[in-house]
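Asker: fold the stuff below for me.
(2 chains)
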Amino acid sequence: MQPPTHPALPASPGNGTPPGASPAPGSLLRWQWREVQAPCLVAAWILVASLAKIVFQLSRKVTSVVPESCLLILLGLGLGGIVRAIAKRAEYQLEPSMFFLFLLPPIVLDSGYFMPSRLFFDNIGTILTYAVIGTLWNSFTTGAALWGVKQVGLMEEGVEAGLMDFLLFGSLISAVDPVAVLAVFEEVHINETLFIIVFGESLLNDAVTVVLYKVFNSFVEMGPGHVQATDYLKGVAAFFVVSLGGTTVGLLFAFLLALITRFTKRVRIIEPLFVFLLAYMAYLAAEMVSLSSILAVTFCGICCKKYVEANISQKSRTTVKYTMKTLASSSETIIFMFLGISAVDISKWAWDTALVLCTLIFILFFRAVGVVLQTWVLNRFRLIPLDRIDQVVMSYGGLRGAVAFALVILLDGTKVRAKDYFVATTIVVVFFTVLVQGLTIKPLVKWLKVKRRDHHKPTLNEELHEHAFDHILAAVEDVVGHHGYRYWRDKWDQFDKKYLSQLLMRKSAYRIKDEIWDVYYKLNIRDAISFVDQGGHVLSADRLMLPSLPSRTSMTESSVTNLLRESGSGACLDLQVIDTVRSRRDKEDAVMHHVLCGSLYKPRRRYKASYSRHFIPPDTQERQDKEIFQQNMKRRLETFKSTKHNVCSAKSKARLKKDGRKKKNSAGNAELHNGKPRQNINWQQTASILVTVDSDEEESDSSETEKEDDEGIIFVARATDEILRGKKVSGSLDVCPSPCIIPPSPTSAEKELPWKGDQDDLAVYISSETTKIVPVDMQSAWNQSISSLESIASPPGAEPGLHAKILACPALEEGPKSERQMTPEQHICFQFPSHPSRSSRPLSDGSLERTEQPELQPLMAPEDHGRVSTSTGPSSSRWLIQFNRPTRL
Amino acid sequence: MSVIIFSLFTVKKVCNYKCQAFPSLSRLFYRYRDLAPQLVPLDYTNKPDVKLPYELIGSMPELKDNPFRQRIAEVFSADGEGNMTLDDFLDMFSVLSEMAPRDLKAYYAFKIYDFNDDDYICKLDLEKTVNKLTRNELTPEEVCLVCDKVIDEADQDNDGKLSLEDFQHMIVRAPDFLR
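Answerer: Residues are numbered from 1 along each chain as shown, chains lettered A, B, ... in the order given. I've put the predicted structure just below:
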């Protein structure tokens, strides 16, 4: 801690020969302290504060009891003492200009930007009441009571202050300080509602404080005798101008910011800069025209977030988040440390015990009274009333901080003659609230058993029902004609959806923006993380214990599924980071990240396939996902290869593919009977089914790229009943008529088959399992991997005569039925492009068809069974891999 | 202008729900009447059997975009068809009121969700809800997945559908629900 203070000394003018400023050490090196003095000092102070934080965190015992802000103030006191002892005079005050221009904005921006906006606006009425009426009440009662004490004669003669002075003092001392509240309450972890009320109050009361301070200051400067009635009116008008003006400035800049980030696609790197610059501009602009700058930044942060987050890239989001946190945290640190240092400067103190004691008592007492009174009124309008314990915490949590200190320093000593007394009192009040109340609020909260913030994870239910309730309540309000809060929120939502979002969000961001799906997506990532956390064993639904890594010989669908989940979570881990604000959670995320890194696939980049079909801008996120898919596909291929070589190396390729298809059906068949997942099915026993051929043919048409590998692929459809169920659910399939006529020609067959129409929609989501992980825009990557697989499996060739073969099939009456049976699967299941590469295939298939007949029979019954189970049984298709056919362009 | 005397039954009902809305009752009545001045008489002394047809409510401009308008009218109307009597109308307001207990709100919410009136929220109900909420932006597969997840989360007794108990339990778990 010493080094910064020593070089600091030469900066003090008129201090004799400073010990640090050694004379120029020769001509080679020149001592240029003066040039670097200011920035060096700033950096040194920040360094000291940050080092101090490390030291604090070394001992968990201390930090769990004492809030960091207290420790920092104490550290500041110590440092100030050292400086004072060495320099013989106090240095380094907390300068009001520095505080308001540089230290406060980051904290306010951070709190505004990460404010849970829904919670904030749900409680806006309560917050505004406390912020406006509460602050007014506190100011006037405190000021008036102090004046009363002075009139009674309890104070010393030295306190030369009239009513106006005391009201001025009351206005600056009564405002709850956002910095202090944030610093203390962050470690207390009370429930969100209580926190947002206290914290929102501390942010929004800025306007009141600023106005009262300015009005009373001008009154004091004018002298109480010259104040006229119009001045009071002006004061009232000023309140509205300052608060609404500040809010407007904030909203304007938020709009501008959102609009700008819409066009930063090419300059991703400076996206975070815009966020900070425009928010700071909002602050400065509001300050410039003496509006409430805190309100401006708060509302700028709250309002721009939705659009900015949607527009900027994932990396920029993370950057914004961490930069904001870093700035706010260092500002906070410096503020508290300098508060401690400033307190050492006794030269500006003028102690009056009565004033100090009375102020302390009054601010505590009147805040409590104000809270109780307002809560009593507010509870009549709240569904969840604020109970007695909440009120205690709210009154006790009214911490004063650096804002009050900076304001009192700003007072003009010539006009406000009792300034020194006020300064001393303010310092004592700030210290008392931060140290004593900050220290005791944690035990108090524990003792009163205040409802803590429960770290329950966001559930889909909440999201869903919240949306539904919004609609329902808004509708009821509409019918009843009661235009309440929900009515306006609904109106705003519609306005936002219709105009604002379209104006301020990128097209791509707007398109994929669906909150329910978003939450679902996040939840799945969470599940995946917890899956990895459990050491690779998942106990989902009642199913099976799965190995974390698939063994090569027994590759089951489920393990593939899990691989998909795992790797998906690995790639998209950042999504959750956005939600985590606390440092502890960040640490957990980091740990999780390492866990995932250790146990997941090794990324192997293969760009080749990326450009084969669709052109997509190779975003990192997408590329990662692509890798995952290719990785999984590769695994599957390898697994299949090994199986193939073990079991049926003698089989021909085309035969394999046929069997693959067949096997799926028969597997589903068997499964429906015994209801158990079958993992290794000997697919040699079964023969192929003809009806599916025409669709296969299409696929091979669609595959453009050629590959020479002769690996066949077999996907074991482990749960066919679920496939059926899935089909059942995807309602459009049910209503479309099944093809009853065998089409005369392949082409018209393709046109008339019902799944042709749906195909394009459905192809967006290739597999139900993967869509859990993969966002919508991943479809193209998936398609590519599918198409590459396809091309592996099927060298393109002409396959005429397949339909003729169907027509020639002896079991014509089976045709339509089995086709109907197959229809849903063709949407959901991966199709194996099976086509006869050899001319002998049709013949063998035709011959097999006869043996096939008995097997087609049971296919019908299970379907019904599946249909029945759809409506009743708990549907759990989560472990099911369903493959769609690739998109046809 | 004739004196408005509400049926005793109505007043009692409203009091039961702690609506404490006596001053606003007359306002509500006028609102009700404004919806269909030609249908609703000013004199309610002899409890005329007046119903607002659903077409009137459903065609309100404010409700045009609301996906739940028909369902709400159905649930709150006594005849289940969306035709609302004054009683139904007052019920609706009392549920909306901040003073209405949570359980009551939860009950009506449950009823609104329960599209097929089988006292359970089954998957089909949820699918309807999700489709309404997302304005059919999700594909059937996605809807299906979401619904599975929702049931999976909230289903306490693993019967694949949500009973009223499940629903209430879930609402209690969500702290800031139903404010």
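
Asker: so what's the residue count around A:V289?
Answerer: By other Cβ atoms under 10 Å in any protein chain shown, the residues close to A:V289 number 12. From N, CA and C alone the C-beta is placed, and that goes for glycine too.

Asker: who are the neighbours in contact with it?
Answerer: A:V289 is in contact with A:G245, A:V249, counting by Cβ atoms under 8 Å, 6 or more residues apart in numbering or on different chains.

Asker: export the helix or strand hosting B:Q168 as PDB, just CAs?
Answerer: Using DSSP states H and E, B:Q168 sits within helix B:164-173. Extracted in PDB, the C-alpha atoms of helix B:164-173 (Å, rounded to 0.1, in the frame of the first residue of the first chain):
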ATOM      1  CA  LEU B 164     -55.300 -28.300 -10.100                       C
ATOM      2  CA  GLU B 165     -52.900 -29.200  -7.200                       C
ATOM      3  CA  ASP B 166     -50.000 -29.500  -9.600                       C
ATOM      4  CA  PHE B 167     -50.900 -26.100 -11.000                       C
ATOM      5  CA  GLN B 168     -51.200 -24.400  -7.600                       C
ATOM      6  CA  HIS B 169     -48.000 -26.000  -6.400                       C
ATOM      7  CA  MET B 170     -46.200 -24.600  -9.400                       C
ATOM      8  CA  ILE B 171     -47.700 -21.200  -8.900                       C
ATOM      9  CA  VAL B 172     -46.600 -21.100  -5.300                       C
ATOM     10  CA  ARG B 173     -43.100 -22.000  -6.400                       C
END
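
Asker: packing partners for it?
Answerer: helix A:460-480, helix B:102-113, helix B:140-154 (3 or more Cβ pairs under 8 Å, 6 or more residues apart in numbering or on different chains; DSSP states H and E).

Asker: which of those comes out lowest on mean pLDDT?
Answerer: Looking over these, mean pLDDT reaches its minimum on helix A:460-480, with a mean of 68.

Asker: who does the helix or strand following that one touch, helix- and strand-wise?
Answerer: Counting by DSSP H and E, the next helix or strand C-terminal to helix A:460-480 is helix A:485-495. Here helix A:485-495 touches helix A:460-480, going by 3+ Cβ pairs under 8 Å, 6+ apart.

Asker: tell me the spacing between A:G134 and A:V371.
Answerer: Separation of A:G134 from A:V371 (Cβ to Cβ, to the nearest Å): 7 Å.

Asker: wait, B:L164
Answerer: 37 Å.

Asker: looking at those two, which one has more neighbours?
Answerer: The neighbour count for B:L164 versus A:V371, taken as other Cβ under 10 Å, is higher for A:V371 (27 against 16).

Asker: what comes up buried for stretch A:349-364?
Answerer: With burial defined by 16 or more other Cβ atoms under 10 Å in any protein chain shown, the residues of stretch A:349-364 counted as buried are A:A350, A:D352, A:A354, A:L355, A:V356, A:C358, A:T359, A:L360, A:F362, A:I363, A:L364.

Asker: residue contacts, the last one?
Answerer: Put plainly, it is A:L364. Applying Cβ under 8 Å, 6+ apart to A:L364 gives the contacts A:S395.

Asker: what's the local residue count around A:D231?
Answerer: Around A:D231 there are 14 other residues, counting by other Cβ under 10 Å.

Asker: the closest residue to it other than its chain neighbours: which element?
Answerer: Distances taken as Cβ to Cβ, 6 or more residues apart in numbering or on different chains place A:F219 nearest to A:D231, at 7.0 Å, with adjacent residues excluded. Secondary structure assignment for A:F219, by DSSP H and E: helix A:192-222.

Asker: what residues of that helix count as buried?
Answerer: Quick answer for helix A:192-222 (16+ other Cβ under 10 Å): A:192-220.

Asker: distance of A:I133 from chain B?
Answerer: Using Cβ to the nearest Cβ, to the nearest Å, A:I133 is found at 20 Å from chain B.

Asker: spatially nearest residue to that residue, not counting backbone neighbours?
Answerer: A:Q374 (6.3 Å).

Asker: hmm, that neighbour is touching A:A131, no?
Answerer: No - the pair A:Q374 / A:A131 is not scored as a contact, 10.5 Å apart, by Cβ atoms under 8 Å.

Asker: between the two, tell me which one has more neighbours.
Answerer: Using other Cβ under 10 Å as the criterion, A:Q374 and A:A131 rank with A:A131 on top: 26 against 19.

Asker: residues in contact with the nearest residue to the more buried one once chain neighbours are set aside?
Answerer: Nearest non-adjacent residue to A:A131, counting by Cβ to Cβ, 6+ apart: A:L204, 3.8 Å away. If you count contacts by Cβ under 8 Å, 6+ apart, A:L204 has them with A:I127, A:L128, A:A131, A:V132, A:L295, A:T298.

Asker: which of those residues sits closest to A:A175?
Answerer: A:A131 (9.3 Å; Cβ to Cβ).

Asker: and that closest one, that's in a helix?
Answerer: Yes - assigned with DSSP: H, G, I helix; E, B strand; the rest coil, A:A131 falls within a helix.

Asker: gap between it and A:V344?
Answerer: 33 Å.

Asker: also A:F422?
Answerer: Separation of A:F422 from A:V344 (Cβ to Cβ): 18 Å.

Asker: okay, the two: which has more neighbours?
Answerer: A:F422 (28 against 23).

Asker: would you check that that one makes contact with A:F169?
Answerer: Yes - between A:F422 and A:F169 a contact is recorded at 5.1 Å, counting by Cβ under 8 Å.

Asker: so what sits against both of those two?
Answerer: Common contacts of A:F422 and A:F169 (Cβ under 8 Å, 6+ apart): A:V408.

Asker: is it true that B:Y120 touches B:S163?
Answerer: Yes - using Cβ under 8 Å, B:Y120 makes contact with B:S163 at a distance of 5.7 Å.

Asker: what's downstream of the helix holding A:F219, the next helix or strand?
Answerer: helix A:229-261.

Asker: re the thing from before, okay, the residue nearest to A:D231: pLDDT?
Answerer: pLDDT, A:F219: 82.

Asker: which residues sit in contact with it?
Answerer: Applying Cβ under 8 Å, 6+ apart, the residues near A:F219 are A:M164, A:L167, A:L168, A:V227, A:D231.

Asker: now for the fourth one: which residues touch it?
Answerer: Listed by Cβ under 8 Å, 6+ apart, the contact set of A:V227 reads A:M164, A:F219.

Asker: roughly how far does it sit from A:Y213?
Answerer: From A:V227 to A:Y213 the distance is 16 Å (Cβ to Cβ).

Asker: in chain B, which spans are helices?
Answerer: B:8-16, B:22-35, B:54-58, B:69-76, B:86-96, B:102-113, B:123-133, B:140-154, B:164-173 (DSSP state H).

Asker: tabulate the ones you listed (TSV), appending distance to A:W33.
Answerer: Converted to TSV, the helices of chain B look like this (distance: least, Cβ to Cβ, whole Å):
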stretch	distance to A:W33
helix B:8-16	79
helix B:22-35	74
helix B:54-58	79
helix B:69-76	74
helix B:86-96	70
helix B:102-113	67
helix B:123-133	65
helix B:140-154	64
helix B:164-173	62
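
Asker: mean pLDDT for those helices: which is lowest?
Answerer: Among the helices of chain B, helix B:8-16 scores lowest, at a mean of 42.
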